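In: Need coordinates for the following:
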Amino acid sequence: MATLVIIRGNSGSGKTSLAQALQNHYGRKTLVISQDNVRRTMLKEKVEPGNLSISLTETIARFGYAEDLLVIVEGFYETEIYGEMLADLRTLFAPRVFAYYYDLPFEETVKRHATRAKQADFTAADMKRWWIEKDYLGWEEEEYFTVEVSLAEAVQMICQKIERT
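Out: Next comes the predicted model:
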C-alpha cells in the first residue's frame, strides 16, 4: 500500500539525513523526493508561490502512489507556499500519511549544518534569512522532532509507525 512520509524543517535540521536513512532501511520501492533536488538542481527555481517545483513534486509523488511505493517528501516546504500541494498529497495517500517537522533552535541547525558536506553552499546568515519559526502544517498526524531526538531514534519512530499502520 502506498505510504507518504513528509519530513520538513528549517535548513540544516537533518531532513535529508533522515530521508536517506529511511530509504537505506526500506531499500527498493522507496522514492525520496528532495526539495533541494527538485527545486534547485532540476529546475533552478526560486521559493515563491506558483514555482514549478510545486507541481513537479506533486507529479513525482503521484507516480509513487500509482506504483505503490513508500514516498518520502523531504525539504523546507514552507507551509505558505507548499501547504496546498502537501494537503493534496495527504488526501491522496490517506490514511497512510506520516508528517514530521524538525522543531529545533536556530543555533542547533547552524551547528548541524557545519557538519555537512554541503556546508559551503550557504552560510549561517543565509539560514537566518530563510528561517521560519514553527512552520507547522497543523495536521493531527504531524509530529515534531526536538534536539533530544537522535537520527537513529527518528528512524526507529517512523519505522514503527509505518509498520504498525
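
In: Most distant residue from the centre of this protein?
Out: A125 (22.1 Å; CA atoms, centre = their mean).

In: Quick check: phi and psi at it.
Out: phi -60, psi -40 (degrees, to the nearest 10).

In: what's the answer for the one 10 residues further on, then?
Out: Main-chain torsions, D135, degrees, to the nearest 10: phi -80, psi 60.

In: Now the closest residue in space to it that isn't next to it in sequence: phi and psi?
Out: Excluding the flanking residues, the one nearest D135 by CB to CB, 6 or more residues apart in numbering is T79, at 5.2 Å. Any C-beta I mention is one placed from the backbone N, CA and C, and that applies to glycine too. Main-chain dihedrals, T79, degrees, to the nearest 10: phi -60, psi -40.

In: Would you agree T79 is in contact with L137?
Out: Yes - the pair T79 / L137 is scored as a contact, 5.9 Å apart, by CB atoms under 8 Å.

In: Identify the contacts common to those two.
Out: Taking CB atoms under 8 Å, 6 or more residues apart in numbering as the criterion, T79 and L137 both touch L86.

In: Tell me which residues touch R90, please.
Out: L4, V97, A99, W139.

In: same thing but at 10 Å, please
Out: R90 makes contacts with L4, I6, V97, A99, L137, W139, E141, E142, as judged by CB atoms under 10 Å, 6 or more residues apart in numbering.
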